[in-house]
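In: what's the 3D shape of this:
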Amino acid sequence: MAIFEILTYPDERLKQESALVEQFDAELHGFIADLEETMRAGPGGVGIAAPQVGRFQRIVIVDCSVTRKPVPNHGRLVLINPEVLTWDGMEVGREGCMSVPDYTGNVIRATQITLAAQDEQGQPLEFAFEGFEARAVQHELDHLDGLLFLDRLVSRRNDLFRRKVYQPKPTKAKKAE
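Out: The predicted model follows:
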């Protein structure tokens, strides 16, 4: 398994739109495993999108079960070719991002969404998300369209904040085989 380098703002590649996944094969499964390892090695993020590591395909991983407010959530999800079907309610909330490590900001998001996607084998999925999990999913989906939370700030002047603490998790040394 590998830990990928995270692209960070202002890298222009983060503005690129991602293509649909068409091949559901062993290579894809290996990439997803490495993407998840990259997310878990990061500073406590609940999601990651393939474009954040330079792969411009519509793949995200979200796992809100590891947060302080895990309820309600669906646990670990791999969402391939996700598409929001419906959304309802709006709420301002603070967001951060591994691709914007020095800042957080206030962003308006839907409080409830329904979403269609495919799993790692290409089978169709459908979910209803609410609260923090709905916010996290929407944040990751934005990466697939070349958007960062910076593009959705309520106000650049009043709603962007320098992050006080950003400590990446220490990586574990791998044993020599």
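In: for Leu28, what are its contacts?
Out: Val21, Glu120 (Cβ atoms under 8 Å, 6 or more residues apart in numbering). Glycine gets a C-beta too; all of them are placed from N, C-alpha and C.
In: measure it to Asn81 for me?
Out: The gap separating Leu28 from Asn81 is 12 Å, by Cβ to Cβ, to the nearest Å.
In: Bridged to Leu160, which residues?
Out: With DSSP bridges applied, Leu160 shows beta-bridge pairing to Gly105.
In: Isn't it up against Val107?
Out: No. Taking contacts as Cβ atoms under 8 Å, Leu160 lies outside contact range of Val107: 10.3 Å.
In: who touches both of these two?
Out: Joint contacts of Leu160 and Val107 (Cβ under 8 Å, 6+ apart) are Leu153.
In: Between these two, point out the one with more neighbours.
Out: Taking neighbours as other Cβ atoms under 10 Å, Leu160 and Val107 compare with Val107 leading, 22 against 16.
In: Would you double-check that that one falls in a strand?
Out: Yes. Assigned with DSSP: H, G, I helix; E, B strand; the rest coil, Val107 falls within a strand.
In: tell me the contacts of it?
Out: Val92, Gly93, Arg94, Glu95, His139, Phe149, Arg152, Leu153, Val154, Asp159.
In: What residues are bridge-paired with the fourth one?
Out: In other words, Glu95. Gly105.
In: Let the chain start at 4 from now.
Out: Sure, I'll start numbering at 4, so the last one becomes Glu98.
In: How many neighbouring residues does it have?
Out: That count, for Glu98 with other Cβ under 10 Å as the rule, works out to 21.
In: I'd assumed Ile111 was in contact with it.
Out: No. Using Cβ under 8 Å, Glu98 is not in contact with Ile111, being 10.4 Å away.
In: coming back round to it: find the residues that touch each one of Leu31 and Asn84.
Out: The contact lists of Leu31 and Asn84 share Val24, where a contact means Cβ under 8 Å, 6+ apart.
In: returning to what we had before: which one of the contacts of Val110 is nearest Glu39?
Out: Nearest to Glu39 among the contacts of Val110 is His142, at 16.8 Å by Cβ to Cβ.
In: Going by residue numbers, what spans are strands in the chain?
Out: In the chain, the strands defined using DSSP state E lie at 50-52, 62-66, 79-100, 103-121, 127-133, 163-165.
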